[in-house]
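> attaching a predicted model along with its sequence, questions to come.
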Amino acid sequence: MRLADIPAPGSAAARAALELATEYHTPALLNHVLRSWLWAEGFATVEGLHGIDRELLYVSAVLHDIGIVPAFDNHTLAYEDAGGHVAKALTAGAGWPAARRTRAHEVIVRHNWPEVDPAFDPEGHLLEIATGLDISGARPDALPLEFRREVVTAFPRLTLAAEFTACVTDQAERKPDTAAQRIVAGGVAGKLQRNPLESLG
């Protein structure tokens, strides 16, 4: 399992998602969403999941935190819900049919679920466990060490722990009925600091 074996989709939607994330995310958050995509691809391999919509997975991963940036922060919606709507708008512009646009929204929303059954939503499952690894350090040994080291070296964590903690805490304070509150109450700040990925790269 190597980075060279996981090419990014070259579609219009994939390119636009990366451009949007690059413009609006800080370097640390941009690296986080790209690592999340790579972890998701890695988990698809180790779990033997087939038939994955890889363009959908890429677009959803790259845009999964766009709802926490000021330009797309919604004063009433959970940040993952807001980000899902950004993905729907972007993929509409790329010509995706309505059902597939809805899937992008669902995958992004479900990345903040405590658990997603792969039989129910394989792409949502992959993004949920991928972000669980990158943020909380969940299942750190499920992917090969050399792959983890290669990914973190290519896309360093930088100030992710401090930035994400601040962003999700702000979301929880302003929107206490959303998943952000559960994430903060679950000790995300400490999990980020103790994440084994911090020692790689």
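All right, it came through fine. Bear in mind that the values here come from a model prediction, so they are computed numbers and not experimental data.

> ranges for the helices of this structure?
With helices called from DSSP state H, the chain shows them at 12-24, 27-46, 54-63, 79-93, 98-110, 122-131, 145-154, 160-174, 179-185, 188-194.

> compute the inter-axis angle for the third one and helix 12-24.
Here helix 54-63 runs at an angle of 10 degrees relative to helix 12-24 (axes from the mean of the first three to the mean of the last three CA atoms, to 10 degrees).

> R2: which of the helices of the chain is closest?
helix 145-154 (6.6 Å; CB to CB). The way it works is simple: take the backbone N, C-alpha and C, and place the C-beta from them, glycine included.

> H75 and R174 touch, don't they?
Yes. Using CB atoms under 8 Å, H75 makes contact with R174 at a distance of 7.4 Å.

> which one of those two is surrounded by more residues?
R174 (13 against 7; other CB atoms under 10 Å).

> pLDDT at the closest residue to N195 other than its chain neighbours, what is it?
Once flanking residues are discounted, N195 sits nearest to G137: 3.7 Å by CB to CB, 6 or more residues apart in numbering. As predicted, G137 sits at a pLDDT of 94.

> repeat that for P140.
The model's pLDDT for P140 equals 89.

> please apply the same query to the one 10 residues further on.
In the predicted model, E150 carries a pLDDT score of 96.

> what's around it, how many residues?
Using other CB under 10 Å, E150 is surrounded by 18 other residues.

> which of the helices of the chain sits closest to L200?
Nearest to L200, of those and by CB to CB, is helix 145-154 at 4.2 Å.

> pull the CA atoms of that closest one into PDB?
Once non-C-alpha atoms are left out, helix 145-154 reads as follows in PDB (Å, rounded to 0.1, in the frame of the first residue of the first chain):
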ATOM      1  CA  LEU A 145       2.900   1.600   9.400                       C
ATOM      2  CA  GLU A 146       4.900   2.500   6.300                       C
ATOM      3  CA  PHE A 147       1.800   3.700   4.600                       C
ATOM      4  CA  ARG A 148       0.800   5.800   7.600                       C
ATOM      5  CA  ARG A 149       4.300   7.300   7.800                       C
ATOM      6  CA  GLU A 150       4.300   8.000   4.000                       C
ATOM      7  CA  VAL A 151       0.900   9.800   4.200                       C
ATOM      8  CA  VAL A 152       1.800  11.900   7.300                       C
ATOM      9  CA  THR A 153       5.200  12.800   5.700                       C
ATOM     10  CA  ALA A 154       3.500  13.900   2.500                       C
END
